[in-house]
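Chemist: based on what follows, work out the 3D shape:
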Amino acid sequence: MTPPWKPPFISLLTDFGLQDHFAGVMKGVIATITPQAKVIDISHDVEACQLTQARFLLGQSWPFFPPGTVHVCVVDPGVGTSRRAILVEAAGHRFVGPDNGLFTDLLDLPKASVRSLDKPKYWLKNISQTFHGRDIFSPVAAHLARGVRPALLGSRIQDPVRLASLQPGRLGRRLWQGVVLHVDRFGNLITNLAPPAGGVALRIGLRELVGTVANYAAAPPGEPVILAGSHGYLEVAVNQGSAARTLGCGVGSPVEMEILP
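Modeler: Reported below is the predicted structural model:
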């Protein structure tokens, strides 16, 4: 028996926000080319031009989509310059976006390959200098979703832009230097530090926090605490408040972790 036909999936991750027309227009382009595609928003609230946050959100999201999904990722401060548009194929997924390091964490996956999107046949007819999400990335994603082979969309390249690792640095036997990767809508500060087996102390902003709690409600309202989040990293939260406001920290803020004996 032939299995039921499944529509293609396309995910969207941008820093466009929802105030303007940008995200909606990208969906309109996709619907025009491949109306049967299912378009799923990961987020349009990446901080403007914030590649570290975009890398975190993409890494937290794509493994939960079915193989074959096309992920359109547009955080693109270099739009209109000589930066390339690329397609990354990795782990059975396809990723479309600017060649600015956004896809760094995918490049070391087994059999990952990269193409420069250099075939204007699969773009919109008129290309602006400021909205490649509409003019290049969305149409390419739509053509991929309808079955166009990647080889028709561009030439293989071996030199995609790579950014520094998001892994924390080791300062000593029990000391690690990390960073805030993301601030969620609740004001929780998500770091790049994995929960250690033993006790832990974090120095962030002007505060030192010692010990972890099991959940957000395990601390008095207004009190900053450390806990292991669903993403697999340590985060700093304030019960019924915002750790970002309380501690004056945001994406890129340094965090020092000491593993306690």
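Chemist: domains in the chain, as residue ranges please.
Modeler: Per the record, the chain has its domains at 9-157, 169-260, by automatic domain parsing.
Chemist: then residue 256 would be within a strand, right?
Modeler: Yes. According to DSSP: H, G, I helix; E, B strand; the rest coil, residue 256 belongs to a strand.
Chemist: tell me who's in contact with it.
Modeler: 171, 175-178, 202-204 (Cβ atoms under 8 Å, 6 or more residues apart in numbering). All C-beta atoms are positioned from the backbone trio N, CA, C, and that covers glycine.
Chemist: of the domains of the chain, which is nearest residue 163?
Modeler: domain 9-157 (3.5 Å; Cβ to Cβ).
Chemist: could I get the full set of helices for the stretch 51-200 of the chain?
Modeler: Using DSSP state H, counting those that start in this stretch, the helices of the stretch 51-200 of the chain run over residues 51-61, 132, 138-145.
Chemist: same list (the contacts of residue 256) but as CSV, adding neighbour count.
Modeler: Output for the contacts of residue 256, formatted as CSV (neighbours: other Cβ atoms under 10 Å):
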residue, neighbour count
171, 12
175, 14
176, 22
177, 15
178, 22
202, 25
203, 14
204, 23
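Chemist: in terms of distance to residue 8, which of those residues ranks first?
Modeler: residue 178 (37.5 Å).
Chemist: wait, that closest one sits on residue 189?
Modeler: No. Assessed by Cβ atoms under 8 Å, residue 178 is found out of contact with residue 189, at 10.6 Å.
Chemist: what residues are shared contacts of the two?
Modeler: residue 255.
Chemist: for residue 39, what are its contacts?
Modeler: Per Cβ under 8 Å, 6+ apart, neighbours of residue 39: 10-12, 27, 30-31.
Chemist: take those residues and keep only those in strands.
Modeler: Counting by DSSP state E, the members of these that fall within strands are 10-12.
Chemist: how about the nearest residue to residue 231, chain neighbours excluded?
Modeler: residue 60 (5.4 Å; Cβ to Cβ, 6 or more residues apart in numbering).
Chemist: pull the number of nearby residues for that neighbour.
Modeler: Counted by other Cβ atoms under 10 Å, the residues lying close to residue 60 total 18.
Chemist: and the gap between it and residue 232?
Modeler: 9 Å (Cβ to Cβ, to the nearest Å).
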